[in-house]
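Asks: Got a predicted model here, sequence first, then my questions.
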Amino acid sequence: MIRGDASERRALIALAVPLVAQQLGFQLMGSVDAAWLGRYSDSALAAAGVGNNLLFAITSIGLGIVMGLDTVIPQAVGAGRTEDARRYLHAGLRLAVLVGLAATLVVLATPLLLQVADVPEVVADEARIYVYLRAIGVVPFLLSVALRSYLAARNVTRPLIIAVVVGNIANAALDAVLIFGVESIGIPPLGVTGAAIATVSVQIVIVVVYFAAARGVDGGEPRPRSSRADVVEIARYGIPVGGQLFAEVGIFGVATLLAANLGTLPAAAHTIALNLASFTFSAAVGIGAATSVRVGHAVGSGDLPLARRRGLIGLRIGVVVMASSAVMFLVIPGPIARLFSDDPAVLAVTAPLLMVAALFQLSDGAQAIGAGALRGLGDTRATLVGNVIGHYGVGLGVSLVCAYVLGLGVLGLWIGLSVGLTATAVYLASRFMIRTRS
């Protein structure tokens with residue numbers, strides 16, 4: 001048993017490392033945007049934070065729907081049905097375009113929420129421009145998600161890393177030029193507009209690289225055409241995941257709007273802390289994606305005990321990784337925060353938030369990997385239920401009480417987020433154990 005677990009652990013790590021690198025790379029792009037904008041102005045940093053949350057709160061629904069591929073493709077590959085996997089990719093790409101276009105229209109309407117939330121005008125104006133420009137990248141982003149699912153299930157990960165490394169270099173260079181401008185060549189400072197243009201440009205390049213990689217895996221052969229039933233099957237698994245991601249991202253979006261309502265300083269501190277917590281969370285998302293593939297392969301081959309072992313191995317690896325992140329937040333919160341801002345007032349508010357973030361690292365990782373394991377099983381409905389109960393049944397109430405009743409402000413919001421994540425993690429891990437019990 002020990003030897004078998006060691007072999008399984010090595011296999012999961014071999015798949016998880018490039019997927020983690022990919023996720024961290026994507027998050028790094030957002031963090032670089034925030035770091036540059038933090039040096040441009042506090043209002044630009046806050047606007048990008050608000051804009052990103054509005055954007056991803058909607059895009060997450062489409063992301064989740066396309067992630068139905070994380071169930072059907074690994075299970076098809078595990079069962080040796082390669083042509084079915086290729087056909088599912090065709091269906092997933094169709095679904096990504098359809099859902100992406102609908103999501104784009106909704107994203108364009110989200111700035112209306114800024115008035116409802118009474119966000120300061122200077123922040124709202126810049127956030128509105130940022131959202132409008134970033135909406136262009138919604139469809140390319142969802143296409144890249146579908147292609148990533150296929151490549152990971154086929155254990156082809158090198159193109160994912162190459163794309164994200166090149167993308168980060170390009171994004172950092174474009175940010176430096178477009179945010180601050182280059183007077184010698186006639187480029188004015190564009191602030192959040194420049195950051196948005198840089199990100200969308202990189203998204204388009206990345207999806208082109210993924211398409212080329214998927215074509216290489218298939219030997220250049222045309223994909224089998226998918227049917228409406230294939231699209232429906234993917235959506236059947238993906239819609240609950242979309243609801244799960246909307247619930248998860250939505251609670252952070254609510255927190256961001258509430259932080260903006262508290263003022264520019266709390267909003268800027270919240271944005272910095274959220275960027276850092278999201279960066280470490282990306283590692284858990286990568287491990288969760290690898291766990292989903294490994295569990296799905298086992299389910300496809302008809303081996304439920306193996307699926308259970310692989311899920312538990314993923315959870316154990318995730319705990320170790322996220323514990324390291326917790327130590328970092330506890331030991332050096334100040335130096336990390338200074339990567340995003342030089343303002344002493346912003347840093348003073350940010351440091352306590354990172355202390356709270358350290359407390360929920362383990363539960364944040366466990367819920368992400370538990371959700372991945374459940375996707376591999378095909379029990380995506382449980383991921384939705386767990387997030388609604390944890391974040392809204394438990395966490396939101398705690399946030400409101402701590403922030404407004406107890407007068408803790410933005411720190412109170414983060415205490416509630418921590419409690420909600422913990423409740424969600426307990427539910428999802430328990431559900432996986434129950435579903436894989438012999």
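Replies: Structure's in. What do you need? Every value quoted in this text rests on a predicted model; they were computed, and no experiment measured them. Numbers count the residues shown, from 1 in each chain.
Asks: what about the helices in the stretch 51-200 of the chain?
Replies: 69-78, 82-109, 112-116, 121-134, 138-153, 158-180, 192-217 (DSSP state H, counting those that start in this stretch).
Asks: outside of the fourth one, which residues touch it?
Replies: Right, helix 121-134. 43-44, 46-48, 50-52, 54-55, 107-108, 110-111, 114-115, 119, 191-193, 195-197, 199-200, 260, 264, 267 (Cβ atoms under 8 Å, 6 or more residues apart in numbering). Where C-beta positions appear, they are placed from N, C-alpha and C, glycine not excepted.
Asks: Now with 6 Å, please.
Replies: The contact list for helix 121-134 (Cβ atoms under 6 Å, 6 or more residues apart in numbering) reads 43-44, 46-48, 50-51, 54-55, 111, 114, 192-193, 196.
Asks: and the helices of the stretch 51-200 of the chain, which one is worst for confidence?
Replies: Mean pLDDT per stretch puts helix 112-116 lowest among the helices of the stretch 51-200 of the chain, at a mean of 75.
Asks: Name the residues of it that are buried.
Replies: By neighbour count on 16 or more other Cβ atoms under 10 Å, the buried set for helix 112-116 is 113, 114.
Asks: circling back: who wins for proximity to residue 422 among the helices of the stretch 51-200 of the chain?
Replies: Among the helices of the stretch 51-200 of the chain, helix 69-78 comes nearest to residue 422, with 24.5 Å by Cβ to Cβ.
Asks: Could you list every helix and strand in contact with that closest one?
Replies: If contacts are counted by 3 or more Cβ pairs under 6 Å, 6 or more residues apart in numbering; DSSP states H and E, helix 69-78 sits against helix 82-109, helix 138-153, helix 228-262, helix 264-300.
Asks: Apply 10 Å and report the result again.
Replies: helix 82-109, helix 138-153, helix 228-262, helix 264-300, helix 361-377 (3 or more Cβ pairs under 10 Å, 6 or more residues apart in numbering; DSSP states H and E).
Asks: And the next helix or strand past the last one?
Replies: Right, helix 361-377. helix 380-387 (DSSP states H and E).
Asks: So what's the gap between that following helix and the chain middle?
Replies: 16 Å (Cα atoms, centre = their mean, to the nearest Å).
Asks: what's the answer for stretch 166-177, then?
Replies: Worked out by Cα atoms, centre = their mean, stretch 166-177 lies 20 Å from the chain centre.
Asks: Tell me how far residue 204 lies from residue 13.
Replies: The spacing between residue 204 and residue 13, counted by Cβ to Cβ, to the nearest Å, is 32 Å.
Asks: ah, wrong one, I meant residue 246
Replies: The value you get for residue 246 to residue 13, if Cβ to Cβ is used, is 31 Å.
Asks: and those two? which has more neighbours close in?
Replies: residue 246 (23 against 15; other Cβ atoms under 10 Å).
Asks: Would you enumerate the residues in contact with that one?
Replies: 56-64, 253, 384, 387-388 (Cβ atoms under 10 Å, 6 or more residues apart in numbering).
Asks: what do you get if the cut-off is 8 Å, keeping everything else the same?
Replies: 57, 58, 60, 61, 64.
Asks: could I get those as TSV with pLDDT and distance to residue 33?
Replies: TSV is the format used below for those (pLDDT from 0 to 100; distance: Cβ to Cβ, whole Å):
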residue	pLDDT	distance to residue 33
57	76	18
58	84	19
60	84	18
61	89	23
64	91	24
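Asks: quick revisit: check the contacts of helix 121-134 and tell me the two furthest apart.
Replies: Pairwise over the contacts of helix 121-134, using Cβ to Cβ, the maximum falls at 43 and 55, 18.0 Å.
Asks: Who has more neighbours out of these two?
Replies: More crowded of residue 43 and residue 55, by other Cβ under 10 Å: residue 55, with 25 against 22.
Asks: ok, back up a step: out of the contacts of residue 246, which is most surrounded?
Replies: residue 64 (29 neighbours).
Asks: thought that one was touching residue 241?
Replies: Yes. Between residue 64 and residue 241 there is a contact at 3.6 Å, judged by Cβ atoms under 8 Å.
Asks: Next one: residue 432 from residue 288, what distance?
Replies: 12 Å.
Asks: which one of the two has more residues nearby?
Replies: The neighbour comparison of residue 432 against residue 288 (other Cβ under 10 Å) goes to residue 288, with 31 against 28.
Asks: got the contact list for the closest residue to that one other than its chain neighbours?
Replies: Distance criterion Cβ to Cβ, 6 or more residues apart in numbering; nearest residue to residue 288, sequence neighbours excluded, is residue 372 at 3.0 Å. Going by Cβ under 8 Å, 6+ apart, residue 372 touches 70, 285, 287, 288, 289, 290, 291, 292, 295, 314.
Asks: Can you tell me what sits against stretch 140-149?
Replies: Contacts of stretch 140-149 (Cβ under 8 Å, 6+ apart): 22, 59, 62-63, 66-67, 69-70, 73, 89, 92-93, 95-97, 99-100, 103, 160, 200, 203-204, 206-207, 210-211, 213-214.
Asks: And that stretch, how far out from the chain middle?
Replies: Per Cα atoms, centre = their mean, the centroid offset for stretch 140-149 relative to its chain is 13 Å.
Asks: can you tell me how far residue 156 sits from residue 149?
Replies: From residue 156 to residue 149 the distance is 12 Å (Cβ to Cβ).
Asks: More neighbours: which of these two?
Replies: Just comparing residue 156 and residue 149: by other Cβ under 10 Å the higher neighbour count belongs to residue 149, 27 against 15.
Asks: ok, now which ones touch the residue nearest to the more buried one when sequence neighbours are not counted?
Replies: In space, and not counting its chain neighbours, residue 149 is closest to residue 69: 4.0 Å by Cβ to Cβ, 6+ apart. With contact taken as Cβ under 8 Å, 6+ apart, residue 69 is in contact with 88, 89, 92, 146, 149, 150, 234, 238.
Asks: likewise residue 87?
Replies: By Cβ under 8 Å, 6+ apart, the neighbours of residue 87 are 223, 224, 225, 226, 230.
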